[in-house]
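Trainee: structure for the following, please:
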Amino acid sequence: MGVRAGVVVSITSFLLGSLFTHWIADSLTLWKSPVTDEHLWTAALYYSILTKGPVQILYVLFGIIILGGTTIFWSFNDLEAGNLMFDGGSIFLYGVAVIMYAYSVIPNLMDKFTAIPPYHMKDAFPRLLRTPTLDLASNHLVCSVALTGVLILQAGRWWAELSDGDDDEDYLSEKVEDSNAVEEPKSITPLVTTA
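Mentor: Prediction:
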């Protein structure tokens with residue numbers, strides 16, 4: 001169990017880290033108010049650079065995602081109460097992140113950002129790219145929150161198992177103490193009456 005939980009936590013942390021690298025662009029469009037054309041151009045340029053990267057990076061990313069999902073399902077298969085609750089929630093959140101990334105982020109990147117029009121930072125940002133740029137940042141945030149939920153559930157599972165183990169040890173130590181404590185027989189003193 002420990003190895004599987006370690007693999008899930010490591011893979012989830014890696015995926016979160018890879019999403020956090022997009023903070024360069026996402027922070028400009030999600031957290032800076034007002035969103036200026038310069039912020040949008042910076043984000044669009046960043047996303048455009050991502051689309052020009054080697055395809056092998058995506059293959060490695062997909063392999064890591066599959067390994068993480070397989071490990072969670074494998075752990076869920078133990079059919080213990082803790083696994084059903086914590087791993088069930090982890091599967092749901094991991095699935096949300098994977099589906100969001102596969103069906104929203106990647107198609108959006110490939111459709112809209114493979115070729116952005118030539119520009120200067122002071123130019124007006126194209127209306128056709130405004131919504132996809134904002135959507136990418138929002139989708140990255142949803143994926144990050146879902147993966148953070150997976151980490152929280154795995155930590156909760158560890159804490160619950162640790163807590164259960166402590167209760168079992170206390171119960172066993174009480175049983176041992178009870179069996180070691182032998183009641184001393186009470187001595188009966190005869191009543192002597194003198195007449």
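
Trainee: residue boundaries of the helices in the chain?
Mentor: Per DSSP state H, the chain has helices spanning 2-20, 23-30, 37-51, 55-76, 81-82, 88-100, 106-112, 127-180. These are given in chain order.

Trainee: what about the residue lying closest to residue 12 once chain neighbours are set aside, how many neighbours?
Mentor: Residue nearest to residue 12 in three dimensions, not counting chain neighbours: residue 150, with 4.9 Å by C-beta to C-beta, 6 or more residues apart in numbering. All C-beta spots, glycine's among them, are computed from the backbone N, C-alpha and C. If you count neighbours by other C-beta atoms under 10 Å, residue 150 ends up with 28.

Trainee: so residue 160 touches residue 86, yeah?
Mentor: Yes - if you go by C-beta atoms under 8 Å, residue 160 and residue 86 touch, sitting 7.3 Å apart.

Trainee: higher neighbour count, the two?
Mentor: residue 86 (26 against 14).

Trainee: got a pLDDT number for the nearest residue to the more buried one once chain neighbours are set aside?
Mentor: Using C-beta to C-beta, 6+ apart and skipping the chain neighbours, the partner closest in space to residue 86 is residue 157 (3.6 Å). Looking at residue 157, its pLDDT stands at 83.

Trainee: what's the distance between residue 157 and residue 8?
Mentor: 10 Å (C-beta to C-beta, to the nearest Å).

Trainee: what do you get for residue 131?
Mentor: In terms of C-beta to C-beta, residue 131 sits 34 Å off from residue 8.

Trainee: and the two? which has more neighbours close in?
Mentor: With neighbours defined as other C-beta under 10 Å, residue 131 and residue 8 compare such that residue 8 has more, 26 against 11.

Trainee: was I right to think the more buried one contacts residue 71?
Mentor: Yes - between residue 8 and residue 71 there is a contact under C-beta under 8 Å: 5.2 Å.

Trainee: doesn't residue 19 make contact with residue 144?
Mentor: Yes - if you go by C-beta under 8 Å, residue 144 and residue 19 touch, sitting 4.9 Å apart.

Trainee: who's more crowded, these two?
Mentor: Remark: of residue 144 and residue 19, residue 19 carries more neighbours, 21 against 18, as counted by other C-beta under 10 Å.

Trainee: list the contacts for that one?
Mentor: Taking C-beta atoms under 8 Å, 6 or more residues apart in numbering, we find residue 19 in contact with 140, 143, 144, 147.
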